[in-house]
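A.B. asks: coords please:
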Amino acid sequence: MAKSKRSSSMPSIHPNAAGIDIGSRFHVAAVPLDRTEEPVRTFKSFTGDLHELARWLKSCRIETIAMESTSVYWIPAFEILESYGFEVFLVNAREAKNVPGRKTDINDAQWLQKLHQFGLLRASFQPSENIAELRAYLRQRERLNDYKASHIQIFAAIIL
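C.D. replies: Numbering: from 1, shown residues only. Just a heads-up that it's a prediction; the model follows:
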């Protein structure tokens, strides 16, 4: 009986994919191993560094990026990378969990890159620019109302 000659590797859905582990002070980016001598690099989270990250990803012929963040630190990176023409996926950290073992930012970035390359990640919902702006106004209004209520309570406590 002849053995089947099926390929044991998964097909690459996004061959030009990168993975970025977003942190508060720095971001770790990983690209396919054949793109550069240094396939994993760390960039600070300042605006100039984010532009340097985008230029490096362009030089590595990256088209799509999966990034993981557990806080709001992803927003500047997301906006800058999109402005350079990348397709950016913000992915839920729980869906991109790494295999058990030693966890490092480098391992996380490489794992994100691999999962994204094989099409195993889905992007979190991102509202349109108009909806995002409206949400920001509503959050600000809510904050101002909270401040107003606390000032009324303080003033009432002083009078009584």
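A.B. asks: the strands in the chain, which residues?
C.D. replies: Using DSSP state E, the strands of the chain run over 17-22, 26-30, 40-44, 64-68, 87-91.
A.B. asks: contacts only, for the nearest residue to T36 once chain neighbours are set aside.
C.D. replies: Of all residues not flanking T36 in the chain, C60 sits nearest, at 5.4 Å (C-beta to C-beta, 6 or more residues apart in numbering). (C-beta placed from N, C-alpha, C; glycine too.) Contacts for C60 (C-beta atoms under 8 Å, 6 or more residues apart in numbering) come out as A18, V31, P32, R35, T36.
A.B. asks: what's opposite I22 in the beta bridge?
C.D. replies: Beta bridges link I22 to H27, judged by DSSP bridges.
A.B. asks: so how far is H27 from the residue nearest to T36?
C.D. replies: With distances taken as C-beta to C-beta, to the nearest Å, C60 is found 15 Å from H27.
A.B. asks: then L121?
C.D. replies: 17 Å.
A.B. asks: who has more neighbours, those two?
C.D. replies: Remark: of L121 and H27, H27 carries more neighbours, 25 against 22, as counted by other C-beta atoms under 10 Å.
A.B. asks: hang on, isn't that one packed against F46?
C.D. replies: No. Between H27 and F46 there is no contact under C-beta atoms under 8 Å: 10.6 Å.
A.B. asks: give me the buried entries from the contacts of C60.
C.D. replies: Buried subset of the contacts of C60 (neighbour count, 16 or more other C-beta atoms under 10 Å): A18, V31, P32.
A.B. asks: against H151, how distant is the residue most central in space within the chain?
C.D. replies: Central residue of the chain (C-alpha atoms, centre = their mean): M67, 2.6 Å from the mean position. Going from M67 to H151 by C-beta to C-beta gives 39 Å.
A.B. asks: if K44 is in a bridge, with which residues?
C.D. replies: Bridge pairing for K44 - DSSP bridges - gives F26.
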